[in-house]
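Q: Using only what follows, build the 3D model:
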Amino acid sequence: QCWVAKSAGPEVGQPRTRPDLGSYTRAMDLEAAVLDALARALTQNDPSAIAIVEEIKEDAAPSELLDCGLGVALNEHPPPDAFATDPEGQALWEEHRVILGLQLVQHVVGHRWDECGDHERDGSKSAAVTLADALASDPAVLDTAESRFLLRKLAALFSDIAVREWPQRWPDLLDSLVDRADGDTNGGGHLFLTCAVIRALVEEVHEFGHTMQGDRRRDLVKSLAEVAPQYMGLLGRTLASGVAQLQEAEHAPTEALVAEVLDGLKACFEHSPLPALLEAGFLPILCEVLLHPRLRMPAVDCLLLGVARKGPLTDRAPLLVLLENFGLVSEAVPEPDPGDADAHAFLKRLCQFVAVLGSNQLCAVWAGQGLTQEAPANLGEYLFSILVLLQHKSRLVSSFALSAWLQLFKHDIAPKEAAVRERIPQLIEVILEVIPKRGNMSDGFGGDQELEAYAHLDFDGDDEYIEFFGVYRNNLNHLCRSIAVAYPEEALEAAVANLVSVSQREDAAPEDWDAATCFVEQVMGVSYTVIERAPRQHTEALDSIASVLGAVAEFDVDAGSAEVQVQLFSLVEALVPVLGFLADDLAEAVLHMVLGGIRYLQADEADGGDGDGWRGVGARVRHKACQALTAICKRPPPAVFASFDAICAAVQEVMALPSTSEMSRKWLMIACVQAGNHLPTLAEHAEYLQQLVGPSLDTLASAEVQAALESPEALAAFGGLFSADPLPYKTERQTLIGAIQAIAVAAESTVPRGADGKAVGGGG
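A: Below you'll find the model as predicted:
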């Protein structure tokens, strides 16, 4: 009563009086005072009771706190009267009483260690061992989350003492814990505690060791490395035994023990010596744990940390044993279910592991310096897994598998390996399936509910998805090019066959054309040289391309789908390198189809409106047609020279449209100027440039424009840079900008000619 009266707290507004340690130790021992404060905190929610305990922690001698903590945690103490008939209250009392006792002992170690002499420090060690014997020996200790929490708190106490005393002044700490764990046949408490101590100690040294003195941290790191085989062996035996028991029957305490081992292994896989980890044989067992729905996430975390390790290749080579167990990894892939967020989170982590295994270990170790040139065992199973994952409806999951394929094709040996070559046709099929853009989250991906559901799990909105998909598609394009580099003939054959298939389908959607165009574009950039070297050997491919371009040239630009037109003009741009090998009349037909595209107007644009703006479908059609025309003019077939007048007329017409974007205007002018660069004589070239740029020069020379350029105010009134007019800009301003741009582009892009009138190369 004396302690409670002095420490219950002053009245509001009165200063608090610090208790006199001597008064309460004479009136009531520390153990009773702490228990009384705990009872008041639990039954009356009295915050001043906690303040009492905090003051005791600071005022009592370390030896007194150790005795008090042990007494509170281990002695029998009846619950407060308020809990006499309340089983839940009694359980709450017991749990908090033990936790509070542990906290008192831990406070001595963590905050008052410097005050302790050898006697108090030895007392702390004895207290920890006594608590371990009492708490971990209970056969039912792993049955409840509360009791497991107590063991983890006790493990933290052992770790706190170890970083101060082990191994110099407590050399047998880990030996004694491992011996207790190996001899534990009574519920697994000591096994659980030892695994928790290993985890806490490894994390304390490696993750929080920056607070220690340099020499002390180095001693601990060295000591942990020396005893790693010992505690790794314990973790390995415990994991193997637990997994075997769980395969026979579900058992909650065993599952809890395995989960604790896995948590300890996560710390070890990140920080402990790699050879010791691999010698303990964890990898095959972890692959088995991937099949357990409640333990698979920590298991894949361990595997991911393991394959992410760096170090000498000879140390990392044993990691490829994972390929021998890749059947279990493939079996662990959950069935597609966008409604199961937990399964999807596991799948993403599993894909990360698969990708990092390929990039960090498989590609590095395979044919590394001093290592074998032979393909790793079970490579085919690994390739099949990343092929299946690449096809997954979650584009994020697919991107992880994509990174694995990219790394394989960067390897010196892998692309030519028979197992890889066998998968090329299937890989191309999957690429053609996943490469087209099928919409955004806001428009529901064109009705693809599964794709939409996964996107909402992986991304926050359209902006994030669009940014991701741009990178994803660029990587797919890079993979297409890599396939063409490794297998140019096969890639060309597949690209042409798919293109013919799409062109012959009446129900081909814009996405089908998009996929075919993307693949042809990437392949043609590499495989064009194959055709160029031996065109007669590729007559069949050229005939197929000619049939497709013939159908494209007959496409009704004004009546057809604008979305399909966008893809067709992209296709023309991709096939420009082979136009020179095709008939002149076909090239001319394609050119006139492109000229129709740059003139394309939507219905409301034709009626004098601006359609859906310069970002709309109509503008996109013209934009793509401009790009196609630029590509044709860079490599002009003979049909271009016969169509200069038509090209100039179409370009001048489009340049006059207010809805034509500035970038399209620039491309059009570049296309025209580059085409003129191929004219054979200076006279022809000069006449052509006058025809092309003359209207722009006339615009600048007009009295209206000259007046507008007299001052900034006049330019603003004309509709210049300071104009507040909304899009579309005033026709006058657009005309002025177009004229200036046309002259600038012509000056930059015209090839200079020598005295003989022949082009000498270089920029204008």
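
Q: For the rest of this, base every contact and every neighbour count on C-alpha atoms.
A: Noted.

Q: all helices of the stretch 51-200 of the chain, in order?
A: 62-74, 87-111, 118-135, 145-165, 173-182, 189-207 (DSSP state H, counting those that start in this stretch).

Q: Compare those and give me the one nearest residue 646.
A: Among the helices of the stretch 51-200 of the chain, the nearest to residue 646 by CA to CA is helix 189-207 (71.6 Å).

Q: Please name every helix or strand in contact with the closest one.
A: helix 118-135, helix 145-165, helix 173-182, helix 214-248, helix 252-271 (3 or more CA pairs under 8 Å, 6 or more residues apart in numbering; DSSP states H and E).

Q: Between helix 214-248 and the last one, find me the angle.
A: The reference is to helix 252-271. 140 degrees (axes from the mean of the first three to the mean of the last three CA atoms, to 10 degrees).

Q: Name the residues of helix 252-271 that come out as buried.
A: 253-271 (16 or more other CA atoms under 10 Å).

Q: The shortest one too?
A: Residues of helix 173-182 classed as buried: 173, 174, 177, 178, 180, 181, 182 (neighbour count, 16+ other CA under 10 Å).

Q: who touches stretch 425-437?
A: 387, 390-391, 473, 476, 494, 511-512, 514-516, 518-519 (CA atoms under 8 Å, 6 or more residues apart in numbering).

Q: mean confidence score for that stretch?
A: On average, the pLDDT along stretch 425-437 is 96.

Q: Residue 582 falls within a strand, correct?
A: No: Residue 582 sits outside any strand when classified using DSSP: H, G, I helix; E, B strand; the rest coil, being coil.

Q: what helix or strand does the closest residue to it other than its chain neighbours sit in?
A: Nearest non-adjacent residue to residue 582, counting by CA to CA, 6 or more residues apart in numbering: residue 546, 6.7 Å away. Here residue 546 sits within helix 539-553, counting by DSSP states H and E.

Q: In terms of secondary structure, what does that helix contact?
A: helix 488-503, helix 562-579, helix 584-598.

Q: what about 10 Å?
A: helix 488-503, helix 510-533, helix 562-579, helix 584-598 (3 or more CA pairs under 10 Å, 6 or more residues apart in numbering; DSSP states H and E).

Q: low-scoring pLDDT stretches of the stretch 551-700 of the chain, where are they?
A: 557-560, 602-616, 658-659 (pLDDT under 70).

Q: could you redo the last one with a cut-off of 90?
A: Within the stretch 551-700 of the chain, the segments meeting pLDDT under 90 span 553-567, 577, 579-580, 584, 588, 592-593, 595-627, 629-700.

Q: Give me the neighbour count for residue 329.
A: By other CA atoms under 10 Å, the residues close to residue 329 number 24.

Q: hang on, it packs against residue 283?
A: No: between residue 329 and residue 283 there is no contact under CA atoms under 10 Å: 11.3 Å.

Q: Now list whatever residues contact both of these two.
A: Taking CA atoms under 10 Å, 6 or more residues apart in numbering as the contact rule, the neighbours common to residue 329 and residue 283 are 289, 322.

Q: Pull the number of nearby residues for residue 156.
A: Using other CA under 10 Å, residue 156 has 22 other residues around it.

Q: again, but for residue 292
A: Going by other CA under 10 Å, the residues that sit close to residue 292 add up to 16.

Q: Quick check: it touching residue 246?
A: Yes: using CA under 10 Å, residue 292 is in contact with residue 246, at 8.9 Å.

Q: Give me the nearest residue to residue 70, chain neighbours excluded.
A: residue 101 (6.1 Å).

Q: so who does the one you found touch?
A: Applying CA under 10 Å, 6+ apart, the residues contacting residue 101 are 31, 34-35, 65-74, 131.

Q: Distance to residue 594 added to the contacts of stretch 425-437, as JSON lines?
A: Output for the contacts of stretch 425-437, formatted as JSON lines (distance: CA to CA, whole Å):
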{"residue": "387", "distance to residue 594": "38"}
{"residue": "390", "distance to residue 594": "36"}
{"residue": "391", "distance to residue 594": "35"}
{"residue": "473", "distance to residue 594": "26"}
{"residue": "476", "distance to residue 594": "28"}
{"residue": "494", "distance to residue 594": "26"}
{"residue": "511", "distance to residue 594": "21"}
{"residue": "512", "distance to residue 594": "21"}
{"residue": "514", "distance to residue 594": "18"}
{"residue": "515", "distance to residue 594": "21"}
{"residue": "516", "distance to residue 594": "19"}
{"residue": "518", "distance to residue 594": "19"}
{"residue": "519", "distance to residue 594": "21"}
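
Q: if we can go back for a sec, most tightly packed of the helices of the stretch 51-200 of the chain?
A: helix 189-207 (a mean of 24; mean count of other CA atoms under 10 Å).

Q: Please compute how far it lies from its chain's middle.
A: 30 Å (CA atoms, centre = their mean, to the nearest Å).

Q: do stretch 216-229 as well
A: That offset, for stretch 216-229, works out to 34 Å (CA atoms, centre = their mean).

Q: Stretch 495-508 now?
A: 34 Å.

Q: which residues touch that stretch?
A: 428-429, 432, 484, 489, 491-494, 509, 512-513, 515-524, 540-545, 547-549, 551-552, 564, 571.

Q: can you dump the C-alpha coordinates of it into PDB?
A: C-alpha atoms of stretch 495-508 as PDB (Å, rounded to 0.1, in the frame of the first residue of the first chain):
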ATOM      1  CA  ALA A 495       6.700 -14.100 -89.100                       C
ATOM      2  CA  VAL A 496       5.500 -14.500 -92.700                       C
ATOM      3  CA  ALA A 497       3.300 -17.500 -91.900                       C
ATOM      4  CA  ASN A 498       1.500 -15.700 -89.100                       C
ATOM      5  CA  LEU A 499       1.100 -12.600 -91.300                       C
ATOM      6  CA  VAL A 500      -0.500 -14.600 -94.100                       C
ATOM      7  CA  SER A 501      -2.700 -16.300 -91.600                       C
ATOM      8  CA  VAL A 502      -4.000 -13.000 -90.200                       C
ATOM      9  CA  SER A 503      -4.500 -11.500 -93.600                       C
ATOM     10  CA  GLN A 504      -6.700 -14.400 -94.700                       C
ATOM     11  CA  ARG A 505      -9.000 -14.200 -91.700                       C
ATOM     12  CA  GLU A 506     -12.100 -12.100 -92.200                       C
ATOM     13  CA  ASP A 507     -12.600 -11.700 -88.500                       C
ATOM     14  CA  ALA A 508      -9.000 -10.600 -87.800                       C
END
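
Q: Rounded mean pLDDT for that stretch, please.
A: Per-residue scores along stretch 495-508 average to 92.

Q: List the buried residues of it.
A: For stretch 495-508, by 16+ other CA under 10 Å, it's 495, 496, 498, 499, 500, 502, 503.

Q: The residue lying closest to residue 458 once chain neighbours are set aside - how many residues pack around it?
A: Spatial nearest neighbour of residue 458, excluding adjacent residues (CA to CA, 6+ apart): residue 396 at 6.8 Å. Applying other CA under 10 Å, we find 22 residues neighbouring residue 396.

Q: contacting residues around residue 396?
A: Applying CA under 10 Å, 6+ apart, the residues contacting residue 396 are 348, 351, 390, 402, 454-455, 457-459, 465, 468-469, 472.

Q: which residues touch the helix holding residue 546?
A: With CA under 10 Å, 6+ apart as the criterion, helix 539-553 contacts 492-493, 495-497, 499-504, 531, 535-536, 555, 565, 568-569, 571-572, 575, 578-579, 581-583, 585-594.

Q: and the residues you listed, which are buried?
A: 492-493, 495-496, 499-500, 502-503, 531, 535, 555, 565, 568-569, 571-572, 575, 578-579, 581, 586-594.

Q: one step back: in JSON lines: the buried residues of helix 173-182, plus distance to residue 748 and pLDDT.
A: Putting the buried residues of helix 173-182 into JSON lines (distance: CA to CA, whole Å; pLDDT from 0 to 100) gives the following:
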{"residue": "173", "distance to residue 748": "79", "pLDDT": "94"}
{"residue": "174", "distance to residue 748": "76", "pLDDT": "92"}
{"residue": "177", "distance to residue 748": "79", "pLDDT": "94"}
{"residue": "178", "distance to residue 748": "78", "pLDDT": "93"}
{"residue": "180", "distance to residue 748": "83", "pLDDT": "92"}
{"residue": "181", "distance to residue 748": "80", "pLDDT": "93"}
{"residue": "182", "distance to residue 748": "81", "pLDDT": "90"}
